[in-house]
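Asker: Okay, structure incoming, though there's no sequence with it:
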């Protein structure tokens, strides 16, 4: 892959050529504030990140109370978590449970003993974490969102993504502006130039991603000849998603993706034929 400076161009040309994006995350994000900014930008609410589960919120809240000698440990049989005090002496190491916490069937935190000096602090932290997105939550969500706008990773390990020009790039900007308006997270954008080096970098990235996805589905079809209809439908959606993604790059890469498109077209035909073969005939349906 060429160096980053080989695909950077001035701001006024960036929208026509796409952009390289990456992010730096710090702190947390209030989910209500993000939802409000998201709605104001006219974005699809279904794409908002999921809230932490009660069990995750409980673990994070207890984590705020942990110290070098105060540890969070799971209770046996998935019966909650305990805050354990470690007592060390010259010859011994002992552990005493300070408090226990679990979430009941309706998501309410139960602390034992309920009047422990840390109980109210724990309950307050739990309530906050139920509605707060950690930087880990946001990181995974951004990785999903960048693919939602048909971006492709410029490195196999991710980190830097090329977002194609047009509607996809504008949607990405709306998403990242909404996130930035309610958190300290920063999403950076480097406008990309339509040069030979840049085209090679994007072509290599898109080809690698599409070829890997096609190879995986071809192997699955070959290895599992009797895939059920639901499994075949899942693969059909995966294949269509990749075809749609390649379409977003046609304006930039032209006919360079024709071989990949043909391969995916053949794969779609194979999946379609397998899906038809998996359908019960009329007599079986009637019975």
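Answerer: It's in. Quick caveat, the model's predicted, so the values are computed rather than measured. Numbers count the residues shown, from 1 in each chain.
Asker: Might one say that residue 145 is in contact with residue 175?
Answerer: Yes - judged on Cβ atoms under 8 Å, residue 145 makes contact with residue 175 at a distance of 5.7 Å. All C-beta spots, glycine's among them, are computed from the backbone N, C-alpha and C.
Asker: shared neighbours, those two?
Answerer: residue 47 (Cβ atoms under 8 Å, 6 or more residues apart in numbering).
Asker: Give the rounded mean pLDDT of stretch 103-117.
Answerer: Per-residue pLDDT over stretch 103-117 has a mean of 94.
Asker: quick one: terminal-to-terminal distance for it?
Answerer: 19 Å (Cα to Cα, to the nearest Å).
Asker: So which bits of that stretch are buried?
Answerer: If you call a residue buried by 16 or more other Cβ atoms under 10 Å, then stretch 103-117 has these buried ones: 103, 109, 111, 116.
Asker: Is the last one in a helix, a strand, or coil?
Answerer: The three-state label for residue 116, taken from DSSP: H, G, I helix; E, B strand; the rest coil, comes out as coil.
Asker: ok so, going back, got the buried residues of stretch 103-117 as a markdown table, with distance to residue 85 columns?
Answerer: Below are those laid out as a markdown table (distance: Cβ to Cβ, whole Å):
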| residue | distance to residue 85 |
| --- | --- |
| 103 | 22 |
| 109 | 20 |
| 111 | 16 |
| 116 | 12 |
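Asker: Could you save those as a markdown table and add columns showing secondary structure and distance to residue 233?
Answerer: Shown next, in a markdown table, are the buried residues of stretch 103-117 (DSSP: H, G, I helix; E, B strand; the rest coil; distance: Cβ to Cβ, whole Å):
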| residue | secondary structure | distance to residue 233 |
| --- | --- | --- |
| 103 | strand | 35 |
| 109 | strand | 40 |
| 111 | strand | 46 |
| 116 | coil | 51 |
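Asker: quick one, helices of the stretch 101-250 of the chain?
Answerer: With DSSP state H, counting those that start in this stretch as the criterion, the stretch 101-250 of the chain has helices at 119-130, 135-148, 167-180, 196-223, 229-248, 250-253.
Asker: and those helices, which is most packed in?
Answerer: Mean neighbours per residue, mean count of other Cβ atoms under 10 Å, is largest over those for helix 167-180, with a mean of 19.
Asker: now the angle between helix 135-148 and it, please.
Answerer: Using axes from the mean of the first three to the mean of the last three Cα atoms, to 10 degrees, the inter-axis angle of helix 167-180 relative to helix 135-148 is 160 degrees.
Asker: Now do helix 167-180 and helix 229-248, the angle between them.
Answerer: 100 degrees.
Asker: Output the contacting helices and strands for helix 167-180.
Answerer: When contacts are defined as 3 or more Cβ pairs under 8 Å, 6 or more residues apart in numbering; DSSP states H and E, helix 167-180 packs onto strand 19-24, helix 31-40, helix 135-148, strand 186-191.
Asker: Check what contacts the longest one and list those residues.
Answerer: I take that to be helix 135-148. Residues contacting helix 135-148 (Cβ under 8 Å, 6+ apart): 21, 23, 25-29, 47, 49, 52, 133, 158, 161, 163, 171-172, 175, 179, 183, 185, 187.
Asker: Just give me the neighbour total for residue 134.
Answerer: By other Cβ atoms under 10 Å, 16 other residues sit near residue 134.
Asker: ok, now which ones touch the closest residue to residue 74 other than its chain neighbours?
Answerer: Nearest residue to residue 74, sequence neighbours excluded (Cβ to Cβ, 6 or more residues apart in numbering): residue 81, at 5.8 Å. Residues near residue 81 by Cβ under 8 Å, 6+ apart: 58-59, 62, 72-75, 100-102.
Asker: which one of the buried residues of stretch 103-117 sits closest to residue 36?
Answerer: The closest of the buried residues of stretch 103-117 to residue 36 turns out to be residue 109 (Cβ to Cβ; 26.2 Å).
Asker: So residue 254 versus residue 19, what's the distance?
Answerer: 19 Å (Cβ to Cβ, to the nearest Å).
Asker: Fine by me, thanks again.
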